[in-house]
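A.B. asks: This is a predicted model, with the sequence first.
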Amino acid sequence: MNDGSPIADVVGRMQQRLDELPEEVAHRRYFLSTYLRTTQAVGKAIDDARFEDPDWVELWDVKFAELYLQAHDADLAPRPWRLAFEASPELPALGHVLLGINAHVNYDLPQALLEVISDEDFLDPALMNQRRRDHERIDGVLSARVAAEDEELAATGVRSLLDRVLTPLNRLSSQRFLRESRQKVWHNTTELQRARVAGSYEKRLAELEVLSAAKVADLLRPGQVLLRLAVTGFGVTLPPL
C-alpha cells in the first residue's frame, strides 16, 4: 500500500479512531481493528496488480470505508450499525466482528458499489462483467486473511477446548459464508440500481436496512455461529420488485 494513496489515507483515519476510542465504547475496537487490517490487505492487493481495474477498486474501497467512518462518527447511525455499536461489551470479540461485518457488508457494501457504478455502466455488459470479477477477487483477499484474523481474535480471550478443536472448520466456514454473502451483495446491488432508475431507491434501501438488522438475532444465537452460518448463510437477499 503506497504512502499517500487514498487507501493509506483512509487507513490512517481508521487508526486515529482506534487510538482515540473512549473506554465506554472500547468493544468497537474488535471490528475496527479487523477492518483496518483488511483494508490494508486490499491496498496491498491493488499494489500487487491483482485486479483488472485497480483504480476503480481503490475508489470503491475508499467509498466503502467512508460509509463505516460515517456510521462510527454518527450520533444516529443506520439500525444495523446501531445494533452493532450497542451490543453488550461482554459479547465475545467474534460476536462484535460478525455484527460489524453484517452492517458493513450486508447493508453498506451495495451502497458503496452503486456509488462507483453508474446507471450507464449497468448497460455495458463487458464493463459489468469486469466489475463483477474484481468484486469477486476481493474474496481471495478476505480468504487469505481468515487464519490471521482468527489468531488475532484468539489473542483477545480464552478459548474452550471445543473452540480449539473446531478451529479448522470455523476457518473454512468463514471463507464459505464470506463468499456467499458477497454473491448476495451483487444481487442486492442490481436490485437497488433498478430501484434507483425507477425512483424508489430510498424505499428499497430501507428494506435492506430492515433485513440487515433482522440478521442480528441469528448472529447472537447461542452455539457454534460460524458453522451455522456456513449452512444457513450470512448474507441477506432483497426480493425482486
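C.D. replies: Happy to help now that I have it.
A.B. asks: remind me which residues of the protein are low pLDDT?
C.D. replies: 1, 146-147, 149-150, 153-154, 157-177 (pLDDT under 70).
A.B. asks: Could I get the full set of helices for it?
C.D. replies: For the chain, applying DSSP state H gives helices covering 6-19, 29-47, 54-73, 79-85, 93-101, 109-116, 125-154, 161-165, 167-198, 201-219, 225-232.
A.B. asks: Among those, which comes closest to residue 238?
C.D. replies: Residue 238 lies closest to helix 167-198 among these, at 4.4 Å (Cβ to Cβ). Where you see a C-beta, it was placed from the backbone N, CA and C, and this is true even at glycine.
A.B. asks: Only C-alpha atoms, please: export stretch 119-139 in PDB.
C.D. replies: Extracted C-alpha coordinates of stretch 119-139, given in PDB (Å, rounded to 0.1, in the frame of the first residue of the first chain):
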ATOM      1  CA  ASP A 119     -26.700   3.600 -14.400                       C
ATOM      2  CA  GLU A 120     -24.900   3.900 -17.800                       C
ATOM      3  CA  ASP A 121     -22.300   1.400 -16.600                       C
ATOM      4  CA  PHE A 122     -25.000  -1.100 -15.900                       C
ATOM      5  CA  LEU A 123     -25.900  -1.000 -19.600                       C
ATOM      6  CA  ASP A 124     -22.400  -2.200 -20.600                       C
ATOM      7  CA  PRO A 125     -22.300  -6.000 -20.200                       C
ATOM      8  CA  ALA A 126     -18.500  -6.200 -20.700                       C
ATOM      9  CA  LEU A 127     -17.800  -3.500 -18.100                       C
ATOM     10  CA  MET A 128     -20.200  -5.000 -15.600                       C
ATOM     11  CA  ASN A 129     -18.600  -8.400 -16.100                       C
ATOM     12  CA  GLN A 130     -15.200  -6.800 -15.300                       C
ATOM     13  CA  ARG A 131     -16.700  -5.100 -12.200                       C
ATOM     14  CA  ARG A 132     -18.100  -8.300 -11.000                       C
ATOM     15  CA  ARG A 133     -14.800 -10.200 -11.500                       C
ATOM     16  CA  ASP A 134     -13.000  -7.500  -9.500                       C
ATOM     17  CA  HIS A 135     -15.700  -7.700  -6.800                       C
ATOM     18  CA  GLU A 136     -15.200 -11.500  -6.600                       C
ATOM     19  CA  ARG A 137     -11.400 -11.100  -6.400                       C
ATOM     20  CA  ILE A 138     -11.900  -9.500  -3.000                       C
ATOM     21  CA  ASP A 139     -12.900 -13.000  -1.800                       C
END
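A.B. asks: Thank you, goodbye.
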